[in-house]
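In: curious how this folds, go ahead:
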Amino acid sequence: MDQPIPIPGEILAEIPKPELEEPKNKMNVWLKSLGSLALFLVVGYFFFRHNWIWVMVLTAVVVFHELGHFFAMKFYKYQELGIFFIPLMGAYVSGKKQEVSQKQSAVILLAGPLPGIILGLLCHFISAQMDIYFLEKVAWILVFLNLLNLLPVYPLDGGQLLHRLLLDNYNIPGKIFVFISAGLMIWIAISSGFYPLLFFPFMMLTRMVGDLQHERIEKKIEAEGINLMRTYEELTPEEYWKIRNAVIKYYSQFKDVNPSPPYEISSKEDQIITTIQGLLQRSLIQDLSLGGKLLILVIWIASFAAPFFLDLSIGSFF
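Out: As a prediction, the model looks like this:
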């Protein structure tokens, strides 16, 4: 009963695989983005005791940071892009791309904090020349929040950067790094009393459990002689129906779907296609040389020198 069902290639040659749906309506994505921004502003308004000025400043800093990620991802042809805000936490850019490049990932991760740090330093020097106290405060928010984001803790940009440069998502050191980061986040949340931070380790550990399940199923499917190192568009109809049968067999949420033949589209076909897409080409393209990695690490380390250019100390700011 556990044996894969044979599928005659000559029959499948006449049975097309389901076509991918068009990307989600861009208007729907941006409506969700605006909705999350509105919630972010409302929660921030009450958290900062009705101080609209600093709520708007912090929101502008977060938006500027995320736009850096957004335009970098757009440049590298990511699809279904959107910016989503998490109250009291920040925001993130969502997008899809079949192939994940180490070099592109590094550029995208740095494109968020580096422009913010540079803008913060620029604001500081303008403030020093014109003696604008408010602008100096803005400079420190820009520098401080973006440097905080570069700390080597997953899922902050700095943690993701080191993870992509030095570790593989699917090796043991990579999993240990994520686990330690989650533990550190839990400790910071509890010791600071800022319990909303627990959201991040919860999501990190949930994703790790899902990835482990995905890995086990990938190995089972590949053991059946199925090649997963390709895009959905590259799949032949025969390969699609073979992978579909394996997905039905190994994923409990599809246990009520009949395997093929007969080659019939299920009411859960969209979910099956999404699952198949998640199984295909999940490895990171290692396209950075040792020199490239060292250059990015130097840029990352050099970023932490930014506060030394500021006259205002962290203590005086707070």
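
In: residue 84 and residue 39, how far apart?
Out: 10 Å (Cβ to Cβ, to the nearest Å). Just so you know, the C-beta spots here come from the backbone N, C-alpha and C atoms, and that holds for glycine as well.

In: so the two - more neighbours on which side?
Out: It is residue 84, of residue 84 and residue 39, that has more neighbours when counted by other Cβ atoms under 10 Å, with 16 against 13.

In: and the nearest residue to the more buried one once chain neighbours are set aside, how far is that from residue 65?
Out: Nearest residue to residue 84, sequence neighbours excluded (Cβ to Cβ, 6 or more residues apart in numbering): residue 36, at 4.9 Å. Distance, residue 36 to residue 65, using Cβ to Cβ: 15 Å.

In: what do you get for residue 193?
Out: Applying Cβ to Cβ, the value for residue 193 to residue 65 is 25 Å.

In: settle it for me: which of these two has more neighbours?
Out: Set side by side, residue 193 and residue 65 show more neighbours around residue 65, with 26 against 7, by other Cβ under 10 Å.

In: hmm, the more buried one is touching residue 113, no?
Out: Yes. Contact criterion Cβ atoms under 8 Å: residue 65 and residue 113 qualify, at 6.6 Å.

In: so what sits against both of these two?
Out: The contact sets of residue 65 and residue 113 overlap at 146, 149 (Cβ atoms under 8 Å, 6 or more residues apart in numbering).

In: which residues of the stretch 1-150 of the chain fall in helices?
Out: Taking DSSP state H, counting those that start in this stretch as the test, the helices found in the stretch 1-150 of the chain are 9-12, 26-47, 52-75, 102-110, 113-130, 133-149.

In: looking at these, which is closest to residue 286?
Out: helix 102-110 (5.5 Å; Cβ to Cβ).

In: the closest one vs helix 113-130, what angle?
Out: Between helix 102-110 and helix 113-130, the angle comes out at 40 degrees (axes from the mean of the first three to the mean of the last three Cα atoms, to 10 degrees).

In: what about residue 101, how many residues nearby?
Out: Counted with other Cβ under 10 Å, residues neighbouring residue 101 total 17.

In: how near is it to residue 190?
Out: 37 Å.

In: most tightly surrounded among the helices of the stretch 1-150 of the chain?
Out: Most buried of these, by mean neighbour count (mean count of other Cβ atoms under 10 Å): helix 102-110, with a mean of 21.

In: buried residues, the host helix or strand of residue 214. List them.
Out: Residue 214 belongs to helix 199-223 when assigned by DSSP states H and E. Under the neighbour-count criterion of 16 or more other Cβ atoms under 10 Å, helix 199-223 has 200-201, 204, 208, 211, 214, 217-218, 221 buried.
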